[in-house]
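Asks: Give me coordinates for this.
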Amino acid sequence: MDKIRESLLKKSVASKIERRGKAISLLCLALIVGVVFLIFYFVASRGLATFFENHINIWQFLSGTQWNPGTIGSNGQPAVGALPMIVGSFLITILSALVATPFAIGTAVFMTEISPRRGAQILRPVTELLVGIPSVVYGFIGLQVVVPFVRNTFGGSGYGILSGTFVLFVMILPTVTSMTADALNAVPRYYREASLALGATRWQTIYKVVLRAAIPGMLTAVVFGMARAFGEALAVQMVIGNATLLPHNLVSPAATLTSILTMGIGNTVMGSLQNNALWSLAMILLLMSLVFNLVIRYIGRKGKLNHER
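Replies: Next up is the predicted model:
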């Protein structure tokens, strides 16, 4: 009797494996959360030092137009105005998204609705190939092809927001296209069948039913592409001109947060105003990435609620 009771109370091998798996999963989860927390803590502690240790006014930092932390600006304070880089980053991100979105939607519609077989055999592999190309290659192509084209067509030096827009457009196009195609594929088939049964043409079904049902997914794709464009550094740095001035037009040299960070972070002393100001730029980048992620989650939640209704 005691042996039977002992065997019943003894933990099985499967239960031990399950407990071990749960422990490993929790450990991995804790590690990921800890790394994310440490990244936020480190960037915030260094970025906020500009305002608490160096006593730079936050509004002056966000609205100032002069960037040269080692010198004194016209207002008698260190020239740490980040507005030119903030404006440059938002301009190039928004313009590249506006250019890429129509091409991405058209390509995704062809891949999923018009010719799924050719889309799967030709367009999807090409799209995946574009994703795998290193950003430095895009930068070299932009330097050799886009910059001379902009210079000869629109005037100026060729470096500026427009050149960066063309390069980023090609870089984010595969991401937006793939996510848009997934959003179109996620639309239930009976939506299409019901529309065709009611007498709608194929194009009317695509335009009035499929695309409208996939709007949340397409918006997520666009925002995701904008998040990548906002954080892109090397390719943009090679074609934008890296002039810390407010852009007067699309063909004048400008700068972004990432281009100034990559150029200056290795040439400053840790703890100095120049270094802290660059960390403040990194903090702005991190906050914008967080905002993009929150927008993506909000759009996804709204789309899920609409489908449930």
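
Asks: tell me the SS of Gly70?
Replies: Put simply, Gly70 is strand when judged by DSSP: H, G, I helix; E, B strand; the rest coil.

Asks: quick one, what contacts it?
Replies: Pro78, Leu273, Gln274 (C-beta atoms under 8 Å, 6 or more residues apart in numbering). Just so you know, the C-beta spots here come from the backbone N, C-alpha and C atoms, and that holds for glycine as well.

Asks: domains of this protein?
Replies: 8-79, 83-308 (automatic domain parsing).

Asks: Output the ones you listed as CSV; include the columns mean pLDDT.
Replies: Putting the domains of the chain into CSV (pLDDT from 0 to 100) gives the following:
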stretch, mean pLDDT
domain 8-79, 83
domain 83-308, 86
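
Asks: Tell me which of those is the most buried.
Replies: Stretch with highest mean neighbour count among the domains of the chain: domain 83-308 (a mean of 18; mean count of other C-beta atoms under 10 Å).

Asks: Can you flag which of the contacts of Gly70 belong to helices?
Replies: Among those, the ones falling in helices (DSSP state H) are Leu273, Gln274.

Asks: Do I have it right that Tyr159 meets Val147?
Replies: Yes - using C-beta atoms under 8 Å, Tyr159 is in contact with Val147, at 6.2 Å.

Asks: Identify the contacts common to the two.
Replies: Val239.

Asks: what sits against the closest residue to Ala104 other than its chain neighbours?
Replies: Closest residue to Ala104 apart from its sequence neighbours, by C-beta to C-beta, 6 or more residues apart in numbering: Val176 at 3.9 Å. Each residue near Val176 by C-beta under 8 Å, 6+ apart is listed here: Ala97, Ala100, Thr101, Ala104, Ala221, Val222, Phe224, Gly225.

Asks: need the residues you listed in JSON lines with distance to Tyr41 and secondary structure, can you?
Replies: Conversion of the contacts of Val176 to JSON lines gives the following (distance: C-beta to C-beta, whole Å; DSSP: H, G, I helix; E, B strand; the rest coil):
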{"residue": "Ala97", "distance to Tyr41": "31", "secondary structure": "helix"}
{"residue": "Ala100", "distance to Tyr41": "34", "secondary structure": "helix"}
{"residue": "Thr101", "distance to Tyr41": "36", "secondary structure": "helix"}
{"residue": "Ala104", "distance to Tyr41": "36", "secondary structure": "helix"}
{"residue": "Ala221", "distance to Tyr41": "31", "secondary structure": "helix"}
{"residue": "Val222", "distance to Tyr41": "31", "secondary structure": "helix"}
{"residue": "Phe224", "distance to Tyr41": "26", "secondary structure": "helix"}
{"residue": "Gly225", "distance to Tyr41": "29", "secondary structure": "helix"}
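
Asks: of all those, which comes closest to Thr127?
Replies: The nearest member of these to Thr127, counting by C-beta to C-beta, is Ala104 at 9.6 Å.

Asks: Isn't that closest one up against Ala221?
Replies: Yes - under the criterion of C-beta under 8 Å, Ala104 makes contact with Ala221 at 7.0 Å.

Asks: Surely Ala181 is in a helix?
Replies: Yes - under three-state DSSP, Ala181 sits within a helix.

Asks: Present the contacts of Gly70 as JSON lines; the columns should include distance to Val36.
Replies: Shown next, in JSON lines, are those (distance: C-beta to C-beta, whole Å):
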{"residue": "Pro78", "distance to Val36": "32"}
{"residue": "Leu273", "distance to Val36": "28"}
{"residue": "Gln274", "distance to Val36": "27"}
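
Asks: Could you single out the nearest of the contacts of Gly70 to Gly231?
Replies: Nearest to Gly231 among these: Gln274, at 22.0 Å, using C-beta to C-beta.

Asks: quick one: contacts for the closest one?
Replies: Applying C-beta under 8 Å, 6+ apart, the residues near Gln274 are Pro69, Gly70, Gly264, Thr268.

Asks: pretty sure the last one contacts Leu278?
Replies: It stands for Thr268. Yes - contact criterion C-beta under 8 Å: Thr268 and Leu278 qualify, at 6.4 Å.

Asks: one step back: quickly list what's touching both of Ala104 and Ala221.
Replies: What both Ala104 and Ala221 touch, as defined by C-beta under 8 Å, 6+ apart, is the set Val176, Thr180.

Asks: so where do the strands sit in the stretch 1-150 of the chain?
Replies: With DSSP state E, counting those that start in this stretch, the ranges of strands along the stretch 1-150 of the chain come out as 67-72, 78-80.

Asks: out of the ones you listed, nearest to Leu250?
Replies: Nearest of the strands of the stretch 1-150 of the chain (C-beta to C-beta): strand 67-72, 20.4 Å.

Asks: List the neighbouring strands of that closest one plus their orientation.
Replies: strand 78-80 (antiparallel) (DSSP bridges).
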